[in-house]
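Visitor: sequence and predicted structure below; questions after.
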Amino acid sequence: MAESDFRRAMELDTAHHNYALNLAMTLLRLGKIAEAETLLLGLTDKDPRNAAVWFNLGNISFSRKSYDEAVAYYALAIEADGLQHAAYLYNRGLAFEAMDEIEKACQDVQEAQKIDTEIGQKFYQKYCVDTK
């Protein structure tokens, strides 16, 4: 029902970009990744400072193992967000780790932990403790 509600809300108020973002996130949960990605890409021009748009595009790229692209999207989310959400840094760290760039991954996880001390503890113990 959420999908149809957000579609209807978008029809009624085309200027309210959060309806499209919420629809895209609903589509992601429903496994409609290509349609969600199209919506999100459309929002990059309409709402370029919306960190959630970039973050979700990063997650899509990460799921496709397009790690360079994921890192770029996460960087845009971090820039738009002003370092408020640890998950943006943590996910970029995961993408760096997937590309075997452990030092960059550990830097991001450390920065994420400054925002949220609980995030990435196992990752940090596994990859970063011995790298100092």
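Guide: Now that the structure is in, tell me what you want to look at.
Visitor: so which residue is dead centre in this structure?
Guide: In the chain, the residue lying closest to the centroid (CA atoms, centre = their mean) is Phe55, at 2.0 Å.
Visitor: now Asp45: how far from Gly120?
Guide: 32 Å (CB to CB, to the nearest Å). To be clear about C-beta, it is placed using only N, CA and C from the backbone, and glycine gets the same treatment.
Visitor: and those two? Which one has more around it.
Guide: Gly120 (27 against 7; other CB atoms under 10 Å).
Visitor: residue contacts, that one?
Guide: 86, 90, 93, 109, 112-113 (CB atoms under 8 Å, 6 or more residues apart in numbering).
Visitor: picking up where we left off before, pull up the gap between the residue nearest to the centre of the chain and Glu11, please.
Guide: On the measure of CB to CB, Phe55 and Glu11 end up 26 Å apart.
Visitor: and what of Tyr90?
Guide: 36 Å.
Visitor: report pLDDT for Ile60.
Guide: With respect to pLDDT, Ile60 has a value of 98.
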